[in-house]
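Asks: For reference, the sequence and a predicted model appear below.
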Amino acid sequence: MFRKLLKRALLVLLFVAPSELYAEDKVVNVGFVVGIPPFVIGESGILVDIVGAALQRSGYTISNYKFPSKQFDQDPLNAFEELDVFIGTPLNFRVNYSYGKVYEFDNVAVSKTSLDLKIDRVSDLKGKYIVAFNNASQHLKEPFTTFYNQELANWEGYKEIENQQAQFDMLMKDRAQVILLDRSMAYYYARKAGVKGMEGFTFHEIFPLKKHHLCGWP
């Protein structure tokens, strides 16, 4: 899977080769969202590595800027003048930006198998204690958006948090029945917790649309 991801990302990033964007400056300021392993982990991660490799092939180096998703969900290139390129999925950005798809999030609901929860569709989340990633209510789109507005917005058992490590910890400690996050991130945190192959956990594939992760530039 990661090999396909690498190939696709390199194609996109080489296509936006800085020859047009950064004719005089050999350093490209790239903004990443923090806390989305295995894609961005500190100063490395899949996205950081492939962006760096792609730009190096064109003779450029990158200067990394890290931002919490709450900041990045706005208009990153407008809010942060030092950025030349952003790698993320902002909720709002100017339509005159150029952008290309780098990869797709595969968002899922995850529960403990021992709970034997029947979650076959978004509406089955009703009444469950849920911890979702930040701004999931906006990123997950329909039918989740309508369900959120009708059932979750005022439900004390639903929360969205920035720290996705904390999401998995809360599920492990039975402080949540369900967490909503990307499948690759679930595997990453499970491995960190010593769980092999997601044993003891169930993926509920209730989100039909995948969220594109974009490479954007002015």
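Replies: Structure's in. What do you need? Residues are numbered from 1 along each chain as shown.
Asks: Helix, strand or coil: sort out the residue lying closest to residue 148 once chain neighbours are set aside for me.
Replies: Nearest in space to residue 148, with sequence neighbours left out and distances taken as CB to CB, 6 or more residues apart in numbering, is residue 137 at 4.4 Å. C-betas here are computed from N, CA, C, even on glycine. Put simply, residue 137 is helix when judged by DSSP: H, G, I helix; E, B strand; the rest coil.
Asks: Could you give the number of residues near residue 137?
Replies: The number of residues packed near residue 137 is 18, by other CB atoms under 10 Å.
Asks: Now do the strands in this protein.
Replies: 27-33, 61-67, 85-88, 98-105, 107-112, 130-133, 158-161, 178-182, 201-204, 211-217 (DSSP state E).
Asks: And those strands, which one averages the lowest pLDDT?
Replies: Taking each of these in turn, the lowest mean pLDDT turns up on strand 211-217, with a mean of 47.
Asks: can I see the domain layout of this protein?
Replies: Following the TED database, the chain resolves into domains at 27-87, 107-204.
Asks: Residue 204 versus residue 120, what's the distance?
Replies: To residue 204, residue 120 is 7 Å away according to CB to CB, to the nearest Å.
Asks: same thing with residue 127?
Replies: 15 Å.
Asks: and what of residue 190?
Replies: Relative to residue 204, and taking CB to CB, residue 190 is found at 15 Å.
Asks: Likewise for residue 28?
Replies: Taking CB to CB, one finds residue 28 at 39 Å from residue 204.
Asks: and what of residue 126?
Replies: 13 Å.
Asks: Neighbour count: those two, which is higher?
Replies: Higher neighbour count among residue 126 and residue 204: residue 204, with 19 against 13, using other CB under 10 Å.
Asks: Make sure the more buried one is actually in contact with residue 115.
Replies: No. The criterion here is CB atoms under 8 Å, and residue 204 misses it with residue 115 at 11.3 Å.
Asks: Okay, now the unreliable bits of this protein?
Replies: Scanning the chain for pLDDT under 70 picks out 1-25, 65-80, 88-103, 209-218.
Asks: Now do the helices in it.
Replies: 2-15, 46-56, 69-72, 76-79, 136-139, 144-147, 164-172, 183-192 (DSSP state H).
Asks: can you count the residues close to residue 129?
Replies: Residue 129, neighbours per other CB under 10 Å, totals 18.
Asks: I should have written residue 136 there, sorry.
Replies: Residue 136: 22 neighbours (other CB under 10 Å).
Asks: How about residue 82?
Replies: 9.
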